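Engineer: Model the following, please.
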Amino acid sequence: MTQSSAAGAGAPATTRSFFSWVGIVGPILGLAALIVFLADTDWYLVFKTIHVVAAVVWVGGGTMITLLAWRASRMKDTAELLQIGKQAEWLNTRVFVPASLTVLVMGIILMHKGHWGYDHFWTLFGLVGWAVSFVLGAAFLGPQAGRLGKAMETHGPDDPVVAARLDVIINVARADAVLVLLIAADMVAKPFFT
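Structural biologist: Numbers count the residues shown, from 1 in each chain. Predicted structure coming up:
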């Protein structure tokens, strides 16, 4: 029995060790493949790739946080909602803000390199939408999520003040997710472009 227990305990460590290496080597190989792909193209496509990858991170991450919060809200799982709020606060400054700034900078470079004007509906909608979303995320959602965590520690998760603040954050995050999805659709479809 002792021998069986020792063998069973060793297997997860081996599996964990293998997947730890996969977690290290996989991204390195992916980055190397990306460099090879981009080495055989022009700079416009390099900037476009960076723009699209950053947009995927920004749009996808925000959408997933919003969906997880919606699910926890429907289940009335306040503890899960607060955990999602803490994760959203962490992601906001470390992932979403840098990704959205990368989207903007690469977009401006693409506009310059592609000789596109800023006088089209799709570019104006994209820029205004980006500005609104950036301000919502940086000035409202991130700080509010931090205040929510402190209010929860002070008052507890079942306090009406905590619940009200959480409801506001979730609703603003939903509106922001819809806005960012509209920006992505606008950039692809380029409506009213002549």
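Engineer: which stretch of helix or strand covers the most centrally placed residue in the chain?
Structural biologist: Centroid check for the chain by C-alpha atoms, centre = their mean gives Gly61 as the closest residue, at 2.7 Å. Using DSSP states H and E, Gly61 falls within helix 43-74.
Engineer: for Ile24, same thing?
Structural biologist: Counting by DSSP H and E, Ile24 is part of helix 2-39.
Engineer: swap in Lys76?
Structural biologist: Using DSSP H and E, no helix or strand contains Lys76.
Engineer: Same check on the one 5 residues further on?
Structural biologist: Assigned by DSSP H and E, Leu81 belongs to helix 78-91.
Engineer: can you check Pro191 too?
Structural biologist: Applying DSSP H and E, one finds Pro191 in no helix or strand.
Engineer: I'd like the distance between it and Thr123.
Structural biologist: Distance, Pro191 to Thr123, using C-beta to C-beta, to the nearest Å: 11 Å. Any C-beta I mention is one placed from the backbone N, CA and C, and that applies to glycine too.
Engineer: Kindly report the same for Val161.
Structural biologist: In terms of C-beta to C-beta, Val161 sits 42 Å off from Thr123.
Engineer: how close does the nearest residue to Trp122 once chain neighbours are set aside sit to Ala99?
Structural biologist: In space, and not counting its chain neighbours, Trp122 is closest to Lys190: 4.4 Å by C-beta to C-beta, 6 or more residues apart in numbering. Per C-beta to C-beta, Lys190 is found 22 Å from Ala99.
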